[in-house]
Every structure is written in structure tokens, then in C-alpha cells.
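Student: below is the sequence, then the predicted model.
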Amino acid sequence: MDNIYRPYLMNISDMVEEAPGVRTYRLNFLNEDEGKKFQFRAGQFALYSVFGYGECTFCIASSPTRMDYIECTFRQAGRVTNALRELNVGDTLGFRGPYGNVFPIDEWEGKNLVFIAGGIALPPLRSVIWNCLDLRDKFKDVTIIYGAKTVADLVYKHELKEWDARDDVNLVTTVDPGGETPDWPGKVGFVPTVVEQAEPSSNNTIAVVCGPPIMIKFTLPVLEKLGFKQDRVYTTLENRMKCGLGKCGRCNIGCTYVCKEGPVFTAQEINKMPDEF
Amino acid sequence: MEKSLNKKDFDNFITSLRGKGYKTFAPKKNNNLVVLDEVQGADEISLDHVITNNSIKEFFFPKTENVLSYRMEKNQVQIEEPEGFAVKAVIFGSRPCDAFSLPVMDKVFNWDCSDKFWVQRREAITIVTIACDKCDSYCFCTSVGLAPDAKQGSDVLLTKISSDNYVVETVTEKGESLIKEFESVFSGPSSDSSDRQVATVEKKFEIEKVKPWLDENFVHAVWTDFSLKCIGCGACTFVCPTCHCFDIVDECTMTKGDRVKNWDGCQFKMFTMHTSGHNPRSTQGERWRQRIMHKFKYYVEKFDSILCVGCGRCSRVCPADMNISEMLEIIETEASQSENKE
Amino acid sequence: MIEALRKKAEELLKNKTVSVVFGYGEGSTPERTRPVFITKPEEVNKLTWNKYCVYNLTTYLKRQETRKLGKPAIVVKGCDARTLIVLMKESQIKREDVYILGVSCDGVGDPLAEKCKACDVHTPRIYDDLIGEKGENKELPFDERYAELDEYENLSEKEKWEFWQKQFEKCIKCYACSNICPLCFCDRCIVEKNQPQWIDPSAHARGNLSWNVTRAYHLAGRCINCEECQRVCPVDIPLNLLNKKLAKEAEKNFNYRPGYNIDDELAMSTYNEKDNQDFVR
């Protein structure tokens, strides 16, 4: 019988410093057979472990359309992420997953897509963004609205440039007032305000929102005002998790286990949940 | 054919089991406590207690266990699987409520994927239960659909029929083959087998009324009011046979380490706290609500079982005399009042 | 006494001297009481006083949920009142933050709690009101107060080690001992800190030893012997034996009884140029 707590061993093959305290690792399976069998879909998460320090949870940040590696982006905050940051290219870490549900992108075919992210919440959306961009023909207009506290805090700076340069992506970037630099070409303002100004059409459109609770709280009413129905708005939640498998008993919001029934939820589903975020 | 087991043959049973390589666990006095613990012979077994202080859970889900070990050298890691955690054993003299907790917990530990540490121990251990011939005011098994002589979860059930004789009922195939293996220890049917000495456990509330009320009352003053005296420790969850929450941590030296699964509890403030300091359940009222909701609503919705067997241990040990059946009686009363209003 | 207590509580709530009374109420069995928090004058009949009032209610001064209720009047026995003195000396509460309802006490528990056998504070040494007869507190001699330790101290070092190993083996890390302790008031306990991980979180031999020893050390020279840790331990570890031993050593070395004389300086956090140990100077 398999040990469900046993992680795959992964090699760190590349890393990028994204922003102060934020880093991306590219991971490859040490055992190639495991790598070949491994499958995941956009929206899923995993438990990453630094041996000797423990496990931590975050989304897979790379796209399932690019299957020869997995990427994760994390901000150093607690015991494990601090240890994770001490690692380097060539080091080994543990990876358990993929867990949780997925963004139903098959259902989004033929629709416009609006991705809205704040700060360190772009990584969970990056997987689904690249997934959709790699299948670009299947979708109509793609808009990405991304904001961070300061210019330095924006993650995936190279990819933002790449998206900005594409004709088939409408990228809007913003930083909080006071976070701009003299040569900042983007907008200055909080994400909800910028969404209101950008006024993405809700007609035949799916919105995907991810960010700190306060950003989500103020963005959802804006989307409603723009005419987005609650079942057309998706988000991905996080909660403290230990097993990722519905057993350790701490990630539930009311009756819903974020690790199994989430992390992807529609605004409609979230509004039905008890206030326990 | 119905069998019986005389108290004087308990020792023969235990020693025969040990002779065949079974580990044997039974209720045993330890200063002020009676604990399920390893016994060598029947002279160590306590029979005059209401319930053991520890629950049966620790034999399947120990307070701490390695789920994997590893060695680290430079940037290489080698994982080693734990072995020998499931040992052939018989738990003798556990209570029906404890036995009942096992099939309830099977559901979560096998939810979509199986926790082998739980499952393999379940396979290795046979449960010989002794029906309760006494109870105390904390017992409420009859309120959650059990009985002091409930069979579910046991492999064999013994029920007292006289001061030194017990009637033997096999419940599962595993129990059947155990009895067969040790047939010589058991006697034939007893003449007084109809005179079963089973405790009468008072029914304290109507369980049917609880969930519908919980469905409607996530927000209610009772959660805070009732839990004001709670000190936020983990005693209730750790002594509970059905509280299954755990933590996973790494413990290591420079070159080797273990990934360890430890009991954890929803009453601790750190249980749900995010690294950012944000806490979805930041007050004791919310944490107490979680405990009740998990047991009497969430688990029921997910697995069609109540996550409580009415053993009363949480109430017995609570440092502040929080009493779970009292909470459920309050809920029942609230439910009846709102029914009357309608 | 119960009537006097209820009357006083009612008066304090009615004239709004306090917003809540922390007291003892009837428990779930006749042999138990439970903490109650009375906020309305008409509810004072829930208050009781009997030999089962073992709790040290001052622990609710540290909990956010009960702090939110506003200024409390708190029912304290002589031993519990010592906690208040320590909390004041350690700047956790101000004298005016609590209204002290002292009760004179002949001992609690059935059988009589160990802590009561060498009690010399039958009447609280600090209070705003005293319920019951004011008795004379005659300080017991040092040896008599620590007589409980005689048997333990006669053990050899090896026997002591074996004794504690056996006791700590039972620990399940439920932290009832620290959560009930009115003097364990750190917002984030050392066991909740993991950078670095000072104490192994697991309930194995190493983790249990480091936890139980650390807990006791943090109370050395502070513990007032309310015995609550020991009372609440679900696996029956004689925790107060450790506390008491450390209290004895602290008193022997610093001539200090926590919470006894309000004017005494704290043993563990007072700087004194004449300290008899070099490292302080």
C-alpha cells in the first residue's frame, strides 16, 4: 500500500528572484519514470518540503501544457519557506501532489477571460493564464489585471513584459499609490479601482480573481457592478493545511474542505459558505 | 454454537494469545488511571472500571508516529519507509463505544485515498470488547445511536452473565477465526446466558434534532457563551476516540530526520493560524463551534456518521467542566423552541 | 457565605463597579464546580462556594474571550490571591483592573487537595472584600511547607530520572497544564515558536522531557502552588511536584515566596547589585 505522505524527490534545476523575498524554483523529478507518469491541471496545489524543516502548501505555478517541469513561486514567511529560500540550484526538495480541484477551462472555450491578481497571488493564476495562452485559439479576448504594493513587488517581471508585448493579451499593471517609480509606465491605484476603470465587459466573460482577502472583498462587488454573474467569477482559496488529503482536519470552511473540494471556487460557492475565512 | 468464557480462563486466553505471537492489550490500573496498555497475563487486567482513561484510538493512530524517515547528504536525500508499525495484536476488554469509533474513523482515513498507517494497523489488530456493566453520568452512548453492548466495530463481544462468566458473540470473520484459533479456551453455552448484565445508559437528547439546528445556526450566541470557560487546551480532542486531526512536522539532526504525524486539536488557537497571522478561527467560540459542527454536521454530511460515540471522556477530563452532552441538550432545547415558534 | 457572596456580587454589578464576576457555579456532577461569568445582577444565584471550588479563576484574566467582558470582580481563595500579586508585580494587571472578592477557605478537594495540606493563606492576603471569617494567617515554617517533597528528595538521582521518564512518557502534549496556568500568559508560548524549533513538537520521550522541564522552569520562582496544572493533567502526571521542588530551591536561594508579600521584589527579574552570584554583577 502506498504511503500517501511520501513526497516525490525533486531537483531544483533553475531559480528566479522575482521580488524581495519572493523566489521561483523550477523542479524536475529525480526519478524520470515518476515524472513521466505525473499529471496535473491548472488550479491544483501541492505540498513542498524541505527535509529537516517540514512541508508548506502552495499552488503549482507552471502550466500543465509544459509538462517537463514544475514551477513554484513562494514568499519567504514561515519556518519552511525560510528554509526553502536557503536552497539552491542542484538541491533536493520533496513534492507531494497534485491535490485539489481545477479551473474548468474546457468550459471556458469561446469566452473572454479576465484574470485579476494582487501581489503574491499571481503565481496561482500564472498556471491557468499560461494554460489558456498556450491554447490561445480556444478563447476570445484575454485581459490580465495585476497589481502589487510597489514596482519591486511585481512578480514574473519578464513574463509581464512578454504579455505586454503580445497583441492577443491586454495587460493592465498597477501599483499601490506611493509604490510607483519615476519611470513606471503602468497605473497607480488599488486593484479594485483599476478593475472598475478598465471596465472589462462581462458579456460572455469569465473572471478569475486571486489576491489577499481585502482585495477580493472589494473586487467582487466591482465585478458584480460590471454585470458578472457569480457563477462566472472564480477564485482560489488558501487555508492552513497539513495533509492536503482531507484527513488532518483544519482547512475546512464550514463543511467544505479547501484541500479536496477547493482550492478553486466560484464566487457563488463562496457566498454560500459560512463566514469562516 | 454459542460460547462462553469464564473469568478464570481470561489468563489462559491472554497467555495463549501471546504464545501464538499476538501482542495483548487490556485495561490496566496505573495509579489513579485505568489505561488500555500491554498486559502479560489476566492478573493485570482491570474489570471494575467504567471506561479506560485513554481511548482505543492510540493503537491505530498514535499520539506521535513517523510517516517517513530520511537521510541527507550534501544535496542528496534518501527516503526510508517506516516498517513494523502494524503488529498482530488483540485488544481485550475495550468498551463498545471505543470499538464503534473504529469503523467511523475508517471513513476519513480512507477518504479517496488510504492512510496505510491506520489501515494496516486495523488489519493487524483484533478487538475483543466487553460490554459495559456499569456507566457514569458522563456516558451518553444511547444518545448517539449506540448501546452499552453495541457490536459494531468489535470482532468479538463479551457480555457479563454472572460474576465470573461472559457470553461470547462473534461479530466479524476476523473474530470468528480468532475464536476458532483459541477454541480450547472457551466453554460451551451457558445456562444463564439470557441474564445479561448490561448498564442502563440514560438517553440525554434526541440526536435527530441536533443536525437540523446546526444547519441553521452557524451564527449563534451559544457558541461564545458556552465556551467562555474553555481554556483552549487539547485535552478533549486528545482523549476523544474520534478526533482525528493531526499535524505533520519534521524533526531532524544534521544528517537524518523523520517526518512525524502528531495529534493536533481544533481548540488550539494555532491550529488554523496562517503564517501571515490571519486566523480564520480566531476566538474560542469559533473553535468550539468547529468541534461541535465537525462531529454532528460536517462528518455526517461527508460520511453519514456522527463523529462521536458518547464515551464522555472529553467531559470527564475538561479542566473547566465543559460538558459535551450538556451542549447537545442545549441545542435540543433551542431546536424545540424554534420548532414551537414556527 | 454563599449568600454574602451573592449579595456582594449583585451589589457590584448593580452599581457598575464591575461588569462581570468570575466565580464558581454548580458543575456537571455534585463533585464538581465550574467557572461562571456573571454579567447580570439577576444571575448571581448561579454563584456558589463549597469544597469543590478548586479552580484558580485568575487564569481567565489572560484569556481574550473573558477579558472582553470588561472589568471583573474575581472570587479568589488565599492561594489564588497570590497569583494576583504575582500578576501585578509582573505588570500583567493593575491593582485597579480587578475587584478582588476574597473568600476564606479551609481547604478544597475531596480528598483534600495536596496544596491545602500545608496552607498558610486561609484568608487571602489581598482583597477588596472578604467573604467569610477573617482568620489569622500564621506563616508555616519552611520545612513544613515543603514536607510534600520529602519522599521525592530521598530518591537517588537515578531513581528521580527514572521516575520522571516514566511520568513524562504519558504526556500527550495537550498543553492543558500551560493553558490552565494563570502565570503561563505568553502570547506565543515557546512550543508555538518554530524558528528555531526550541522544543520538539512530538509527544515522544525527547519532546515530552523538553516541554515539561521548560514549562516548570518558566515557573520557577513564580509558581504560587495552585496545583491547577496537576489537577487538569488528563494523564495524571504529578506536575506540581516539579513546580514545588523549583519553588523550594527558589525560596532557599532568594528568600522569596511568590505572591506572598506584595512588597517583595521578584526573584527572577529584579536586578540587585548585591546579588550573591557573579554573573549578574
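Tutor: Good, I have the coordinates. Numbers count the residues shown, from 1 in each chain, chains lettered A, B, ... in the order given.

Student: which bits of the stretch 101-250 of chain B sit near chain A?
Tutor: B:108-109, B:111-116, B:119-120, B:218-219, B:244-250 (C-beta under 8 Å from any C-beta of the partner chain). Using the backbone N, CA and C atoms, a C-beta is placed for each residue, glycine as well.

Student: which PyMOL command selects the buried ones in those residues?
Tutor: In PyMOL, this line selects whichever of these come out buried by 16 or more other C-beta atoms under 10 Å in any protein chain shown:
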select buried, chain B and resi 108+109+111+114+115+116+119+120+218+244+245+246+247+248+249+250
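
Student: just the residues of the stretch 101-250 of chain B next to chain A: which are in helices?
Tutor: B:108-109, B:116, B:119-120 (DSSP state H).

Student: any chance of CSV for these, columns pLDDT?
Tutor: CSV is the format used below for these (pLDDT from 0 to 100):
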residue, pLDDT
B:V108, 98
B:F109, 98
B:K116, 97
B:V119, 98
B:Q120, 98
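
Student: need the residues you listed in CSV (columns: distance to B:E81).
Tutor: Output for those, formatted as CSV (distance: C-beta to C-beta, whole Å):
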residue, distance to B:E81
B:V108, 23
B:F109, 18
B:K116, 10
B:V119, 15
B:Q120, 12
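
Student: just give me the longest helix of chain C.
Tutor: Chain C, longest helix under DSSP H: helix C:239-254.

Student: so where's chain B uncertain?
Tutor: Filtered on pLDDT under 70, chain B yields the residue ranges B:1, B:193, B:342.

Student: so which residues of the stretch 51-200 of chain A form strands?
Tutor: Along the stretch 51-200 of chain A, counting by DSSP state E, counting those that start in this stretch, strands occupy A:54-59, A:70-75, A:92-99, A:112-118, A:142-148, A:170-175, A:187-188.

Student: what about the first one and chain B, touching?
Tutor: Yes: Strand A:54-59 is in contact with chain B by C-beta under 8 Å from any C-beta, via A:54-55.

Student: so what's the residue count around the closest residue to chain A within chain C?
Tutor: For chain C and chain A, the shortest gap (C-beta to the nearest C-beta) falls at C:N194, measuring 4.5 Å. Residues within reach of C:N194, counting by other C-beta atoms under 10 Å in any protein chain shown, total 16.

Student: spell out which parts of chain C neighbour chain B.
Tutor: C:27-29, C:32-37, C:55, C:59-60, C:63-66, C:69, C:172-176, C:178-180, C:192, C:197, C:200-204, C:207, C:228, C:231-232, C:234-236.

Student: which of those are buried? Put it as a PyMOL command.
Tutor: Entered in PyMOL, the line below selects the buried ones among the residues of chain C next to chain B, by 16+ other C-beta under 10 Å:
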select buried, chain C and resi 27+28+32+33+34+35+36+37+55+59+60+63+65+66+69+172+173+174+175+176+178+179+180+197+200+201+202+203+204+207+228+231+232+234+235
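
Student: tell me the contacts of the spatially most central residue of chain C?
Tutor: In chain C, the centroid-proximal residue (C-alpha atoms, centre = their mean) is C:C226; its distance is 3.9 Å. Applying C-beta atoms under 8 Å, 6 or more residues apart in numbering or on different chains, we find C:C226 in contact with C:56, C:79-80, C:82-83, C:115, C:182.

Student: out of these, which are buried?
Tutor: C:56, C:79-80, C:82-83, C:115, C:182.

Student: okay, the nearest residue to C:Q92 once chain neighbours are set aside and C:T83: tell me how far apart.
Tutor: Leaving aside its sequence neighbours, C:Q92 sits nearest to C:F185 (C-beta to C-beta, 6 or more residues apart in numbering or on different chains; 6.0 Å). Distance, C:F185 to C:T83, by C-beta to C-beta, to the nearest Å: 11 Å.

Student: tell me where the stretch 1-150 of chain C has strands.
Tutor: Using DSSP E, counting those that start in this stretch, strands in the stretch 1-150 of chain C cover C:20-26, C:33-38, C:72-76, C:99-103, C:129-131.

Student: what's the closest of those to C:K248?
Tutor: With respect to C:K248, and counting by C-beta to C-beta, the nearest of these is strand C:72-76 at 23.8 Å.

Student: packing partners of that closest one?
Tutor: helix C:2-14, strand C:20-26, helix C:78-89, strand C:99-103 (3 or more C-beta pairs under 8 Å, 6 or more residues apart in numbering or on different chains; DSSP states H and E).

Student: buried stuff in the first one?
Tutor: By that I understand helix C:2-14. Buried residues in helix C:2-14, defined by neighbour count with 16+ other C-beta under 10 Å: C:5-6, C:8-10, C:12-13.

Student: and that helix, what does it pack onto?
Tutor: Using 3+ C-beta pairs under 8 Å, 6+ apart: helix C:2-14 touches strand C:20-26, strand C:72-76, strand C:99-103, strand C:129-131.

Student: now C:Y175: closest residue in space, sequence neighbours ignored.
Tutor: B:C233 (5.3 Å).

Student: contacting residues around that neighbour?
Tutor: B:267-268, B:319, C:174-176, C:178-180, C:232.

Student: coming back round to it: figure out which of the helices and strands packed on strand C:72-76 is closest to B:Q197.
Tutor: strand C:20-26 (32.5 Å).

Student: show me what that closest one is packed up against.
Tutor: Judged by 3+ C-beta pairs under 8 Å, 6+ apart, strand C:20-26 is in contact with helix C:2-14, strand C:33-38, strand C:72-76.

Student: tally of neighbours for the residue nearest to C:Q92?
Tutor: Number of residues near C:F185 (other C-beta under 10 Å) recorded here: 16.

Student: same check, this time on the one 3 residues further on
Tutor: Look at C:R188: counted by other C-beta under 10 Å, it has 9 neighbours.

Student: that one in helix, strand or coil?
Tutor: coil (DSSP: H, G, I helix; E, B strand; the rest coil).

Student: that older thread, kindly present the contacts of C:C226 as TSV, with separate columns for pLDDT.
Tutor: Converted to TSV, the contacts of C:C226 look like this (pLDDT from 0 to 100):
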residue	pLDDT
C:N56	97
C:C79	96
C:D80	97
C:R82	97
C:T83	97
C:K115	93
C:P182	97
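
Student: among the residues you listed, which pair sits farthest apart?
Tutor: The farthest-apart pair in these, when distances are taken by C-beta to C-beta, is C:K115 and C:P182, at 14.1 Å.

Student: residue contacts, the residue in chain B sticking out farthest from the centre?
Tutor: Relative to the centre of chain B, and counting by C-alpha atoms, centre = their mean, the farthest-placed residue is B:K74 at 43.3 Å. Not one residue lies near B:K74 by C-beta under 8 Å, 6+ apart.

Student: remind me what the longest helix of chain C packs against, helices and strands.
Tutor: helix C:150-153, helix C:205-218, helix C:228-232.

Student: nearest to B:N12, of those?
Tutor: Once the helices and strands packed on helix C:239-254 are compared by C-beta to C-beta, helix C:205-218 is nearest, at 35.1 Å.

Student: contact partners of that closest one?
Tutor: Against helix C:205-218 from outside (C-beta under 8 Å, 6+ apart): B:64, C:164-165, C:168-169, C:171, C:173, C:177-178, C:184, C:190-191, C:198-201, C:229, C:237, C:239, C:242-243, C:246.

Student: repeat that for 7 Å
Tutor: Helix C:205-218 has contacts (C-beta atoms under 7 Å, 6 or more residues apart in numbering or on different chains) with C:168-169, C:171, C:173, C:177-178, C:190-191, C:199-201, C:242-243, C:246.

Student: highest neighbour count among the residues you listed?
Tutor: Result: C:C177 is most packed of these (other C-beta under 10 Å), 29 neighbours.

Student: mind listing what that one touches?
Tutor: C:215, C:229, C:232-233, C:239.

Student: fine by me, we can end here.
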